[in-house]
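[1] Next come a sequence and a model predicted from it.
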Amino acid sequence: MSLRSPRLSAGRESPSASSTFASAVLGPESEEWVKQWSSVNARDLIDSRIVAVEADTSVEDACDAKDIPCLAVRALPGTSYPFVGLFDFSDVNAFLTLAATRHTIPPHELKANASADQIMSAARSGHVPVHLVSNLSEKNFLETVHYDATIISLLATFARGTHRVLVHSLPPSNDFLGMVSDRSLLSWFFAYAERTSSFRSYLDNSLYALGLPSLHIHSSVVATTGTAQVLDAMRLMSEQGVSSIAVTDEEHGTLLSVVSVTDVGKMVVPSESNQILSAPLHQFIAQIRAPDGSTDGVDKYPIYLVFPTTKLSFAIQKLLATNAHRLFVTDNDYLPPAAYPVSSTGSLCGIVSIVDILSLFAIIANIPDVDPTKRMRQRRASSSSSQSSRSGLASHDFTRSRSSSRASLPLSASPRIVATSGDTRSSISNLDTFQWSELVSPRKTE
């Protein structure tokens, strides 16, 4: 679903435009900011330890790791580097989507996609090792910085769309101290603003004045409606290469909620029935919200909504408070029907993400070639090329702006999901989509 605000989208399509907007509100004190940033070590921002799994660990067992947002996958024997990649909820979502939609993918397209073909081959033996699924989403690249790296090095890495960075130990050790997330870096900048009045004043500029790269990226917002199925949302996130999508009201296009790959990982993976894949999103969202307030009586439902006139400082606060990677921008000239709550007002016109904000700070630091949308544009170009070469398959109803990842082969309409009985082990192997013997069954003709 592609949504746009014609009034605000003009002249806002490129990173260079963002640089111009950012420079327009900068003062001479920015040089002092950068000097101070250069004196802070990246290792001081480590916010999680590195939890490693062996390359041959099954995907099911890797998914059983509790409260670990990201795993490091050890390299196969005979390689010099310790890790082959990372594995997180985005990869889980891509893997689930591939498994659930495999019967809709023509054989020649599977063969053309090396990762999918390897996964299917492994599935025939009943064991899919996690190293095959590492970065299946193409959102989870393994990036490292050296021991003496500073915040400037982190900005240069995160401004390319990376979400986590591993920090090397002091040489000559080949180990790593830990992992820094983009959220940890954003939190540091917010704390820096609280003790630096000139930077705090800069953050009090509006999103529109600063021209964030994705505020109107390609004039589209990745969204679907509350009546769509969970599998539709999973596939859309995989195809678009995003970690969350907006869920909107079908009639008015107002923002009702957000579904993320983390929700998929926490709700779909432990499910004992694949019926959850065919559930409408409004039911799925209600199930996600159900525990909120059960222990302290406080409604924790996060509001992922900002306006073009919202201060950047407030957007940062909201990103940190909601533990979200992106917020959805709504046109505040729009007045919704009275029946809709204030939290869902407005017509969606863009997004603002952690990567956008860190890219803005990277521009301030004069880091060359800042382009947070490069990987997304490459995925879109790849998807457009792939889909234009195909015929006879139905297009996805909810996707008007398209992109691709290794797992997101162009697919036809969602297959019918049939509940099964049997093993009730709380892992993805419960789902019919993960009964691997079916992967080698003859393709049904329709």
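    Noted; the coordinates are in hand. Numbers count the residues shown, from 1 in each chain.
[2] need the helix or strand of the chain with the lowest average pLDDT.
    helix 6-9 (a mean of 31; mean pLDDT, DSSP states H and E).
[3] I'd guessed Val268 sits against Met237; true?
    No: at 11.9 Å, Val268 does not count as touching Met237 under the criterion of C-beta atoms under 8 Å. All C-beta spots, glycine's among them, are computed from the backbone N, C-alpha and C.
[4] Same drill for those two, tell me which one is more crowded.
    More crowded of Val268 and Met237, by other C-beta atoms under 10 Å: Met237, with 28 against 24.
[5] Okay, that one and Val53: tell me how far apart.
    23 Å (C-beta to C-beta, to the nearest Å).
[6] Also Leu207?
    With C-beta to C-beta as the criterion, Leu207 and Val53 are 39 Å apart.
[7] Helices of the stretch 251-400 of the chain, start to end?
    For the stretch 251-400 of the chain, the helices defined by DSSP state H, counting those that start in this stretch occupy 261-267, 281-289, 312-322, 354-364, 374-388.
[8] Select, out of those helices, the one closest to Lys111.
    Each of the helices of the stretch 251-400 of the chain has some distance to Lys111 by C-beta to C-beta; the shortest is helix 374-388, at 13.6 Å.
[9] Out of the helices of the stretch 251-400 of the chain, which is the most enclosed?
    Compared across these, helix 354-364 shows the largest average neighbour count, a mean of 25 (mean count of other C-beta atoms under 10 Å).
[10] any idea of the mean pLDDT for stretch 54-73?
    Averaged across stretch 54-73, the pLDDT comes to 89.
[11] Give me the contact list for it.
    Applying C-beta atoms under 8 Å, 6 or more residues apart in numbering, the contact partners of stretch 54-73 are 48, 50-53, 74-76, 83-89, 92, 95, 127-131, 133-134, 140, 142, 164, 166, 179, 262, 265, 269, 427-429, 434.
[12] try 6 Å this time
    Residues from elsewhere that reach stretch 54-73, judged by C-beta atoms under 6 Å, 6 or more residues apart in numbering: 50-53, 74, 76, 83-88, 127-131, 133-134, 164, 269, 427-429.
[13] Only the buried subset of those residues, as a PyMOL command please.
    Here is the PyMOL command that picks out the buried ones among these, judged by 16 or more other C-beta atoms under 10 Å:
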select buried, resi 50+53+74+83+84+85+86+87+88+128+129+130+131+133+134+164+269+427+428+429
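[14] out of the contacts of stretch 54-73, which are inside helices?
    Among the contacts of stretch 54-73, the members found in helices (DSSP state H) are Val130, His131, Val133.
[15] Let me have those in TSV, extended by pLDDT and distance to Arg183.
    Below are those laid out as TSV (pLDDT from 0 to 100; distance: C-beta to C-beta, whole Å):
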residue	pLDDT	distance to Arg183
Val130	96	24
His131	96	26
Val133	95	23
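[16] Now the helices of the stretch 251-400 of the chain in a markdown table, please, with extra columns for mean pLDDT.
    Output for the helices of the stretch 251-400 of the chain, formatted as a markdown table (pLDDT from 0 to 100):
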| stretch | mean pLDDT |
| --- | --- |
| helix 261-267 | 89 |
| helix 281-289 | 87 |
| helix 312-322 | 95 |
| helix 354-364 | 93 |
| helix 374-388 | 55 |
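[17] right, so of those, which gets closest to Gly253?
    Between those, helix 281-289 lies closest to Gly253; by C-beta to C-beta that is 15.0 Å.
[18] Show me the shaky parts of the protein.
    1-25, 213-220, 272-273, 291-302, 332-346, 373-446 (pLDDT under 70).
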